[in-house]
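the following block contains a protein sequence and its predicted model.
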Amino acid sequence: MNSWRLVFAATVLTGCSASIDAPSGSGAAAGTGKQGSGATGSGATGSGATGSGATGSGATGSGATGSGATGSGATGSGGTSSTAGTGTSATCTPGVPTTSQIPRLTNAEYDRTIRDLLGVTALTAAAGSTPSNLLATDQAGGLTDVGWAAYKTVGEDIAEQVMADATLKTKFITCDPAVGTCLHDTAVSFGRKAFRRPLTTDEVAAFDAVIAAGPDITPTGAPAEVAEALLYNFLVSPSFLQREELQDSSDGAGHFSLSSYEVASRLSYTLWGSTPDDALNQAADSQQLGTPDQILIQAQRMVADPRARDMTQAFHRYYMLMGLNTRWDNTNKDPNLYPAFKPSLVPAMQQETEMFFDDIVFAKKGTFNDLLTSTTAFVSAATAPLYGLDPSKFGAGLTETTLDANHPGFLTRLGFLNAYSGYSGTSPILRGAFITKQVLGIGIGNPPPGAEQTPLPAASDTLDTNRKRFAQLTSGSDCVGCHSVFINPPGFALEAFNTVGSWQTMESDTKAPIDTSANIALDETGTNTVPVSGPAELMAAIAMAPGAKAQYASKWVSFAYEREGDPGDACTVQQLATKMTTGGYTVLNLMTDLTQTLSFRVRAAAQ
């Protein structure tokens, strides 16, 4: 840190009377999970002699019960009407879940916000690293001293980089800082974008004070140095680092109505994971975000923007349990048994899965059913042999192609099949448990102690298939209840794919024919079963299963609202799942309908 920066680092502006709270979520890759509690944390205090960041209560209300989410309506091109609601059933109680009023940006949100606000995607001062790589990891609770110091360091690097680059600088300042009211005007105009709302009179005065103190807080007092100091102060202000929701206007039903600026922020961070654009800011300035229909207009526009792909990719990584240090990036196989597999192929397998979801959602405007039934794949010369395809017809990169009818949906792609299998053989348990819990949403208990260390029975004349060996393994009284009904059947149906995802009809060692027939339990009762003969019928059954639709909707609600399985969202999940049974209801429809609930427009009032 340059020594002169230590001086103006002390003039940090709080921007709002609130402490820097926890990140809005702590889930996989995209900041999913419950929002911070909004409890008072450490203030954004400067390190120097002047100025200190004010701490605020940031307390969150307990959430009075209100009316539920809007009902289903006619399907539109990018969302659905918020009128003609179907109501809710007796199985859910409408409500507005309590959320933090001042959640801190997650690291992923910070990176996207800096990208969209200033055009910075890599720090020249940090060898091209993304900004968040220098920040503390996402975590709940108040901001630590280490975390605060990291924000200041990264803020300095960004401010210096922007002012040194003629192109980036125009995103912050478009006038000569030495002329007239340029710096004041920049504070007002850039502040509107950085704080995602107009600056208050006090905030304008505080930034004007920074400008006036320019000669004392910079090496020479040069206007460009003062402009850099001004930008730095914005980047370390709580109103930039947090997505504040402090509007206290009652809606007359026990909630606080969000301001148009707070709705705009919710929209942009829900659908883009980033800051509002000019069109959304203009809608907020014009008070055009007060009704579901007005919000829907913006949501439909936003899901057509490339930035929506960031959040959709992040969601499906969350849905598929993908990420660092997961089964997806720790896959390895026995090279003697599977010489076609190379660890270097693992990133391409994961990328294919991500490309599949992106293609179905955006290019094909697909439905949930399409995710389970499409035979679209993305293949390279290196992965083609695993699909039984001619590698000479593909290049080094992943190219779109169509597989045969035995390969419908994301669960028959190499990524999942490799991740959820063993080193030397398939694992019907791993594959079946994932489908049962993560896709069908059926809760199953944990295995008894020591179960995971129990060795698989050796092959014999009577145990001549992997299926028979796993059935024997799980036949004990402590295991058979869950395994025979819920876990093993979907895994057995996928035995048509070996451990590296290639099609097989007989065991490689015993040459015994592989049986992929199974009775699949579609709900937690275990009595609602459907017989399938193999992977294609399994995927068709899952695609039509109400539980799978409800699970997909539930995961979207948890991810988008940044709270995991909140009972107050049960009616929203139920209504979205009902809409998913309607032909032509796309994933993009579902995404825009997430903005149509009452809880999207209000927050719970304190009790």
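Happy to help now that I have it.

so where do the helices sit in the stretch 151-300 of the chain?
According to DSSP state H, counting those that start in this stretch, the stretch 151-300 of the chain carries its helices in the segments 166-169, 182-194, 201-212, 214-217, 223-235, 238-241, 260-271, 278-285, 292-303.

next one: the stretch 351-500 of the chain
Taking DSSP H, counting those that start in this stretch, the helices of the stretch 351-500 of the chain run over residues 368-373, 414-419, 428-434, 466-473, 480-482, 488-493.

mean confidence for the first one?
What it means is helix 368-373. If you average the pLDDT over helix 368-373, you get 98.

what is the burial count for residue 364?
If you count neighbours by other C-beta atoms under 10 Å, residue 364 ends up with 14. No exception for glycine: its C-beta is placed from N, CA and C like everyone else's.

tell me how far it lies from residue 312.
Separation of residue 364 from residue 312 (C-beta to C-beta, to the nearest Å) stands at 13 Å.

ok, residue 220 next?
Look at residue 220 and residue 312: by C-beta to C-beta, they are 48 Å apart.

between these two, which is the more surrounded one?
Between residue 220 and residue 312, counted using other C-beta under 10 Å, residue 312 has the larger neighbour count: 21 against 11.

what about that one, which helix or strand?
helix 307-319 (DSSP states H and E).

relative orientation of that helix and helix 260-271 in degrees?
Going by axes from the mean of the first three to the mean of the last three C-alpha atoms, to 10 degrees, helix 307-319 is angled at 60 degrees with respect to helix 260-271.

got the contact list for helix 307-319?
27-30, 32, 108, 112, 116, 270-274, 302, 322-323, 353-354, 357-358, 361-362, 438, 552, 555-556, 559-560, 587, 591 (C-beta atoms under 8 Å, 6 or more residues apart in numbering).

residue 192 contacts residue 281, doesn't it?
Yes: counting by C-beta atoms under 8 Å, residue 192 does reach residue 281; the two are 6.9 Å apart.

so these two - more neighbours on which side?
A direct count of neighbours by other C-beta under 10 Å for residue 192 and residue 281 places residue 281 higher, at 20 against 16.

separation between the closest residue to residue 454 other than its chain neighbours and residue 456?
Computed as C-beta to C-beta, 6 or more residues apart in numbering, the closest residue to residue 454 that is not its neighbour in sequence is residue 473, at 6.5 Å. Distance, residue 473 to residue 456, by C-beta to C-beta: 6 Å.

which one's more surrounded, those two?
Neighbour totals were compared for residue 473 and residue 456, and residue 473 leads with 19 against 16 (other C-beta under 10 Å).

mind listing what that one touches?
Applying C-beta under 8 Å, 6+ apart to residue 473 gives the contacts 454, 456-457, 479.

can you list these in CSV and add distance to residue 286 and pLDDT?
Putting these into CSV (distance: C-beta to C-beta, whole Å; pLDDT from 0 to 100) gives the following:
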residue, distance to residue 286, pLDDT
454, 65, 90
456, 65, 94
457, 70, 95
479, 62, 92
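
buried members of the residues you listed into ChimeraX, please.
To isolate the buried members of the contacts of residue 473 in ChimeraX, using 16 or more other C-beta atoms under 10 Å:
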select :456,479
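
looking at this structure, which helix or strand does the model trust least?
Lowest by mean pLDDT, DSSP states H and E among the helices and strands of the chain is helix 5-8, with a mean of 41.

wait, doesn't residue 561 sit right on residue 576?
No: using C-beta under 8 Å, residue 561 is not in contact with residue 576, being 11.9 Å away.

what residues are shared contacts of the two?
Listed as contacting both residue 561 and residue 576 by C-beta under 8 Å, 6+ apart are residue 594.

now do the strands in the stretch 501-607 of the chain.
Using DSSP state E, counting those that start in this stretch, the strands assigned to the stretch 501-607 of the chain run over residues 518-521, 529-532, 602-604.

run the chain-centre distance for the first one.
With C-alpha atoms, centre = their mean, to the nearest Å as the basis, strand 518-521 stands 31 Å off its chain's centre.

now swap in stretch 110-128 and tell me
Relative to the centre of its chain, stretch 110-128 is centred 20 Å away, using C-alpha atoms, centre = their mean.

what does stretch 438-445 give?
20 Å.

out of the helices of the stretch 351-500 of the chain, the one nearest residue 345 is which?
helix 414-419 (7.9 Å; C-beta to C-beta).

so which elements touch the closest one?
Where contact means 3 or more C-beta pairs under 8 Å, 6 or more residues apart in numbering; DSSP states H and E, helix 414-419 is packed against helix 346-358, helix 428-434.

if I pick the closest residue to residue 417 other than its chain neighbours, what's in contact with it?
Distances taken as C-beta to C-beta, 6+ apart place residue 501 nearest to residue 417, at 3.6 Å, with adjacent residues excluded. Applying C-beta under 8 Å, 6+ apart, we find residue 501 in contact with 386-387, 412-414, 417-418.

dump these to a markdown table, plus distance to residue 524, neighbour count and pLDDT.
A markdown table is the format used below for the contacts of residue 501 (distance: C-beta to C-beta, whole Å; neighbours: other C-beta atoms under 10 Å; pLDDT from 0 to 100):
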| residue | distance to residue 524 | neighbour count | pLDDT |
| --- | --- | --- | --- |
| 386 | 35 | 23 | 98 |
| 387 | 35 | 21 | 98 |
| 412 | 25 | 24 | 98 |
| 413 | 27 | 24 | 98 |
| 414 | 31 | 27 | 98 |
| 417 | 26 | 23 | 98 |
| 418 | 29 | 25 | 98 |
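
hang on, the earlier thing: could you check the pLDDT of the residue nearest to residue 454?
pLDDT at residue 473 comes out at 95.

could you do residue 569 as well?
Here, the pLDDT recorded for residue 569 equals 93.

which one of the helices and strands packed on helix 414-419 lies nearest to residue 129?
Taking C-beta to C-beta, helix 346-358 is the member of the helices and strands packed on helix 414-419 nearest to residue 129, at 19.6 Å.
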